[in-house]
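A.B. asks: take a look and give me a structure for this.
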Amino acid sequence: MTSATIPRPGPSEYVPYYETYISKVPKGDLLTVLEDQRRETQQLLAGLSDTKALHRYAAGKWSIKEVVGHMMDTERVFCYRALAFARGDANSLPGFDEKAWAPAGRFDARSLTELAAESDAVRRATIALFRGLDGEALARRGTANNNPISVRALAWVIAGHERHHVAILRERYLA
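C.D. replies: Presented below is the predicted three-dimensional model:
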């Protein structure tokens, strides 16, 4: 039996840092939120040229393409964590250095169309993963980057992380 909804996690399910992201997610069915975000992000990216997607709002900041790449990298890492913990893996998982990963991803060398298609595939895979987890799996916990977190909290962090970065794109890059 699969989970119909993914309840909002309680504060004991994650470290306070993640409240930054979880608090950005509206009430309601998280799987619907994730699907709505997928469509909204695709619409946002479809309206940009490759030239515009190279824009940086300040020196030393990521380009729009790098922000998209960062969102994909983070979503993949958090999905792996969720999968491992949902399956009962008790190993502590490492963190990752997004500041090192973004340039290594060479996202600026790729077309925005290609990045958007990959982003869409990543989100569809995320939705499929979480749709297939039951309540017991969603409640499981593990440790990543030396911080305890539940599977369901990871799902909410994924949604909040994208919401955070899309807001930055709208406010600082596209305003």
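A.B. asks: for residue 150, phi and psi?
C.D. replies: Main-chain dihedrals, residue 150, degrees, to the nearest 10: phi -90, psi 160.
A.B. asks: now the longest helix belonging to the chain, how far from the chain's geometric center?
C.D. replies: Assignment by DSSP state H gives helix 64-86 as the longest helix of the chain. Relative to its chain's centre, helix 64-86 lies at 5 Å (Cα atoms, centre = their mean, to the nearest Å).
A.B. asks: also stretch 159-170?
C.D. replies: Offset of stretch 159-170 from its chain centre (Cα atoms, centre = their mean): 9 Å.
A.B. asks: okay, it in PDB with CA atoms only?
C.D. replies: Only the C-alpha atoms of stretch 159-170 are listed here, as PDB (Å, rounded to 0.1, in the frame of the first residue of the first chain):
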ATOM      1  CA  ALA A 159       9.900  21.300  -2.200                       C
ATOM      2  CA  GLY A 160      11.100  24.200  -0.100                       C
ATOM      3  CA  HIS A 161      14.500  24.300  -1.600                       C
ATOM      4  CA  GLU A 162      13.100  24.700  -5.100                       C
ATOM      5  CA  ARG A 163      10.600  27.300  -3.900                       C
ATOM      6  CA  HIS A 164      13.600  29.200  -2.300                       C
ATOM      7  CA  HIS A 165      15.700  29.200  -5.400                       C
ATOM      8  CA  VAL A 166      12.800  29.900  -7.800                       C
ATOM      9  CA  ALA A 167      11.900  33.000  -5.700                       C
ATOM     10  CA  ILE A 168      15.600  34.100  -5.900                       C
ATOM     11  CA  LEU A 169      15.500  33.600  -9.700                       C
ATOM     12  CA  ARG A 170      12.300  35.800  -9.900                       C
END
